[in-house]
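Engineer: only geometry, no sequence info:
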């Protein structure tokens with residue numbers, strides 16, 4: 001019987017249990033960064049637990065607990081942290097599935113459960129863009145978050161501010177490459193015009209402005225790029 005068949009044949013139950021009745025799963029190989037757990041704890045404190053963890057019932061271990069985690073350990077850890085700070089009552093929303101028949105099926109279920117929650121690079125980049133918009137709106141209404149923008153965005157997503165910078169820098173590089181490729185394709189079809197040059201200048205100016213902004217956010221001297229930007233502004237066609 002396949003894993004999906006085994007899951008579909010079982011009945012799932014959605015329950016709210018005491019978090020002290022749940023144990024972690026030693027087979028779970030996923031790591032959780034401090035940034036991820038802090039971000040998740042802040043989210044749960046503000047909005048509540050929006051997605052159930054996945055568990056199976058098992059009273060075999062002599063630890064006084066009733067359920068073993070399949071997926072949702074980051075939420076489990078975040079709530080434990082809130083409980084320790086006196087910010088949460090310790091209730092944990094779970095979906096109870098059939099206990100896997102053997103270790104192989106348990107490992108498969110852990111992987112499949114986490115796969116459904118994994119965020120790829122495109123999703124993370126989109127989240128960064130959305131939080132940049134939110135940040136700008138907060139600044140516009142006089143509610144600028146404390147600290148650097150990159151760190152605030154990273155805190156919302158569960159990554160470090162430095163990682164936010166890396167995503168944005170890669171986007172800038174990809175944009176420059178894409179723009180140059182488009183320009184090269186156009187050049188193969190026809191002779192360049194003054195308008196082509198003006199468009200290329202605008203694209204490069206925009207890319208340099210973004211790079212300067214990133215450099216200043218991380219405290220890197222941008223004097224040289226600013227001088228180049230001034231030279232671009234002074235170009236007369």
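Structural biologist: Cool, the structure landed. Quick caveat, the model's predicted, so the values are computed rather than measured.
Engineer: next, residue 69: secondary structure please.
Structural biologist: Classification of residue 69 using DSSP: H, G, I helix; E, B strand; the rest coil returns strand.
Engineer: that one against residue 26, yeah?
Structural biologist: No. Contact status for residue 69 versus residue 26: not in contact, 10.0 Å apart, counting by CB atoms under 8 Å. All C-beta atoms are positioned from the backbone trio N, CA, C, and that covers glycine.
Engineer: which of the two has more neighbours?
Structural biologist: A side-by-side neighbour count of residue 69 and residue 26, using other CB atoms under 10 Å, places residue 69 first with 22 against 7.
Engineer: tell me the contacts of the residue nearest to the more buried one when sequence neighbours are not counted?
Structural biologist: Excluding the flanking residues, the one nearest residue 69 by CB to CB, 6 or more residues apart in numbering is residue 25, at 4.8 Å. Residue 25 makes contact with 68-70, 73, 106, 110, according to CB atoms under 8 Å, 6 or more residues apart in numbering.
Engineer: and what of residue 81?
Structural biologist: Going by CB under 8 Å, 6+ apart, residue 81 touches 37, 41.
Engineer: pLDDT score for it?
Structural biologist: With respect to pLDDT, residue 81 scores 95.
Engineer: and it, how far is that from residue 94?
Structural biologist: 18 Å (CB to CB, to the nearest Å).
Engineer: also residue 106?
Structural biologist: 16 Å.
Engineer: which one of those two is surrounded by more residues?
Structural biologist: Legend: neighbour count by other CB under 10 Å for residue 106 and residue 94, higher for residue 94 (26 against 17).
Engineer: surely the more buried one is in a strand?
Structural biologist: Yes. Counting by three-state DSSP, residue 94 is located in a strand.
Engineer: residues touching the closest residue to residue 71 other than its chain neighbours, list them.
Structural biologist: If the residues on either side of it in the chain are set aside, residue 71 comes closest to residue 113, at 3.2 Å by CB to CB, 6+ apart. For residue 113, the contact set (CB under 8 Å, 6+ apart) comprises 54, 70-72.
Engineer: how near is residue 113 to residue 97?
Structural biologist: Counting by CB to CB, the gap from residue 113 to residue 97 is 9 Å.
Engineer: which neighbours do these two share?
Structural biologist: Residues touching both residue 113 and residue 97 (CB under 8 Å, 6+ apart) are 54, 70.
Engineer: on that earlier part again, now for the contacts of residue 25: which two are most distant?
Structural biologist: Across these, the longest distance by CB to CB is 14.1 Å; it joins 73 and 106.
Engineer: count of neighbours near residue 14?
Structural biologist: Residue 14, neighbours per other CB under 10 Å, totals 9.
Engineer: and the angle from the helix or strand hosting it to strand 67-71?
Structural biologist: Per DSSP states H and E: residue 14 is located in strand 13-18. Strand 13-18 runs at 120 degrees relative to strand 67-71, counting by axes from the mean of the first three to the mean of the last three CA atoms, to 10 degrees.
Engineer: run me through the strand neighbours of strand 13-18, direction for each.
Structural biologist: With DSSP bridges as the test, strand 13-18 is paired with strand 91-97 (antiparallel).
Engineer: re earlier: next, format the contacts of residue 113 as JSON lines and append neighbour count.
Structural biologist: As requested, these are exported to JSON lines (neighbours: other CB atoms under 10 Å):
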{"residue": "54", "neighbour count": "22"}
{"residue": "70", "neighbour count": "26"}
{"residue": "71", "neighbour count": "27"}
{"residue": "72", "neighbour count": "25"}
